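1. below is the structure, and that's it, no one-letter string:
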């Protein structure tokens, strides 16, 4: 398949050039952002609530259009989902599964909608379920699974299409700390094994440091990117990394950046 | 599981059954004790005897009334679902037509029935039409609500997968609307029977195709109160049976996935 000439190893998967978002009611959700998402990286958008993380992610997903500036996907001017031969995976804050469909049918959904032949789609779905450790639950209904398992089904659904770009919007935010840590570990292993390109939204500093190759720290009012921090630490990362001094140093650094942004807001509200 | 569930299930049948036995016993006792004449309040024993003695006549009447109610329910279900599907195609269609669906609902059937009976030659068709008018609204309202109450996240997912309108309808809206639809169907099942009975009363048709309502009218005029009670009992029993059947159907379809039909997961 012929692709635009500029797509090479160095070309970003998504190039965000001055993209901003102002909603119809005048709320400025996102000030102009310049950000490149590079192939194979795990980029985390980190920040407190209301700093435009989800807005930025939805822009990248092509779910909403920017009010100003531009986004380019794989070097093309297409809408994100319109790039031929390129696939997006999306994991929402909630599992967002069809309660009436079995786990396997839920995972197969994006393939079914794309008109992929049934037996091939089923094979891909089962393979994706194996990757998240839920192959035994293919015939179950979502409500028969725990919250953590439902989230893993949701991840399997995103993986089933073999996405060129995987977008995750606080996928583990609603889970308890133990489940979240376990799923973070599984996600890090998946990322390393599949050479995925991931954009991940979270408000947990620990989660951001543990998972990411790069963290974009965002600040509120208006939402903007205030720092771009590379987490230079080899994979696989395990629980030993969580208690290392390097980990603590990164957390401290990010925490300081988030606090700076927050302090700015506090001054704003006082004046 | 069994130790926890079995008594409650048994109780759910036993408790109302016990109440029924107590009420019937009290009724029988009071009628006998005060020597109430049969043409005012017949005892349950006499009603039962009448049910057996008049079984041919009453069974025919029950068949006629149930036939009308079931035909009307089927038509209301199909037509109501089609109207709901039409409504969700665009807000404009719904905005323009929904008031008329409400109008149909709020106008008492006894007021429209004479007109329908005059306009439609075939009495049976007229009666079915009356019952449809009564039964269709909950199907329309519930199914429309269900088709609209689609999970926003799932809709976004479908959009990201470039699903077309048809795929969204078949794979997302219709399955999601099923619990609402069955809620409407349960209400409509009772209403179709009420509609059939009311229409029969208004029409007052006798002869071959006489339903239970006509038997009640006739029995009342003849002061055949035991038969009136027997017919009344059959109407109530038919209503309960219809409700039970639609409840069972709803359970059969939704049991595995919907909260309303399952106990909380362990």
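-> Yes, it's here. As the structure is a prediction and not an experimental result, all values here were calculated from the model.

2. what count of nearby residues applies to the residue in the stretch 151-266 of chain B that chain A sits nearest to?
-> With CB to the nearest CB as the measure, residue B:153 is the residue of the stretch 151-266 of chain B nearest to chain A, at 3.7 Å. (Glycine included, C-beta is placed from N, CA and C.) Using other CB atoms under 10 Å in any protein chain shown, residue B:153 is surrounded by 17 other residues.

3. what's the helix or strand hosting it packed up against?
-> Here residue B:153 is covered by helix B:152-160, with elements defined by DSSP states H and E. Here helix B:152-160 touches strand A:88-91, helix A:103-113, helix B:165-168, going by 3 or more CB pairs under 8 Å, 6 or more residues apart in numbering or on different chains; DSSP states H and E.

4. got the residue ranges for the helices in the chain?
-> You didn't say which chain, so I picked chain A. Secondary structure of chain A by DSSP state H: the helices cover A:53-61, A:103-113, A:118-131, A:147-160, A:177-194, A:205-211, A:239-242, A:245-270.

5. can you look at chain B instead?
-> B:2-33, B:44-53, B:55-87, B:91-106, B:109-119, B:123-148, B:152-160, B:165-168, B:174-203, B:212-221, B:225-254.

6. those: which one's closest to residue A:43?
-> Proximity to residue A:43 (CB to CB) singles out helix B:152-160 among these, at 19.1 Å.

7. roughly how far is the closest one from the heart of the chain?
-> 36 Å (CA atoms, centre = their mean, to the nearest Å).

8. just the buried residues of that helix, please?
-> Within helix B:152-160, the residues that count as buried by 16 or more other CB atoms under 10 Å in any protein chain shown are B:153-158, B:160.

9. residue B:169 versus residue A:137, what's the distance?
-> 28 Å (CB to CB, to the nearest Å).

10. nope, residue B:138 is what I was after
-> Residue B:138 is 22 Å from residue B:169, by CB to CB.

11. more neighbours: those two, which one.
-> Neighbours were counted for residue B:138 and for residue B:169 using other CB under 10 Å; residue B:138 has more, 22 against 17.

12. contact residues of chain A facing chain B?
-> With CB under 8 Å from any CB of the partner chain as the criterion, chain A meets chain B at residues A:61-63, A:81, A:88, A:90, A:92, A:94, A:96, A:98-101, A:109-110, A:112-114, A:141-144.

13. hmm, try it at 6 Å
-> Chain A has residues A:81, A:90, A:92, A:94, A:96, A:99-100, A:110, A:113, A:141 near chain B, with proximity defined as CB under 6 Å from any CB of the partner chain.

14. from those, pick the one nearest residue A:196.
-> Out of the residues of chain A next to chain B, the member with the shortest distance to residue A:196 (by CB to CB) is residue A:90, at 13.1 Å.

15. show me what contacts the residue nearest to residue B:70 when sequence neighbours are not counted?
-> Spatially, and ignoring its direct neighbours in sequence, residue B:70 is nearest to residue B:192 (7.4 Å; CB to CB, 6 or more residues apart in numbering or on different chains). By CB atoms under 6 Å, 6 or more residues apart in numbering or on different chains, the contact list for residue B:192 reads B:69, B:72-73, B:131, B:135.

16. what separation do you get for residue B:192 and residue B:164?
-> Taking CB to CB, one finds residue B:192 at 36 Å from residue B:164.

17. any low-confidence regions in the stretch 1-150 of chain A?
-> A:1-10, A:77-85 (pLDDT under 70).

18. can you give me the neighbour number for the residue in it that chain B sits nearest to?
-> Proximity of the stretch 1-150 of chain A to chain B (CB to the nearest CB) peaks at residue A:96, 3.7 Å away. Burial of residue A:96 is recorded as 22 neighbouring residues (other CB under 10 Å).

19. my guess is it contacts residue B:153, does it?
-> Yes: between residue A:96 and residue B:153 there is a contact under CB atoms under 6 Å: 3.7 Å.

20. and residue A:69, how many neighbours?
-> Other residues close to residue A:69 by other CB under 10 Å number 16.

21. ok, back up a step: can you add distance to residue A:166 and mean neighbour count and give the helices of chain A back as CSV?
-> Converted to CSV, the helices of chain A look like this (distance: least, CB to CB, whole Å; neighbours: other CB atoms under 10 Å in any protein chain shown):
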stretch, distance to residue A:166, mean neighbour count
helix A:53-61, 11, 23
helix A:103-113, 12, 24
helix A:118-131, 12, 18
helix A:147-160, 6, 23
helix A:177-194, 8, 16
helix A:205-211, 12, 23
helix A:239-242, 22, 13
helix A:245-270, 22, 14
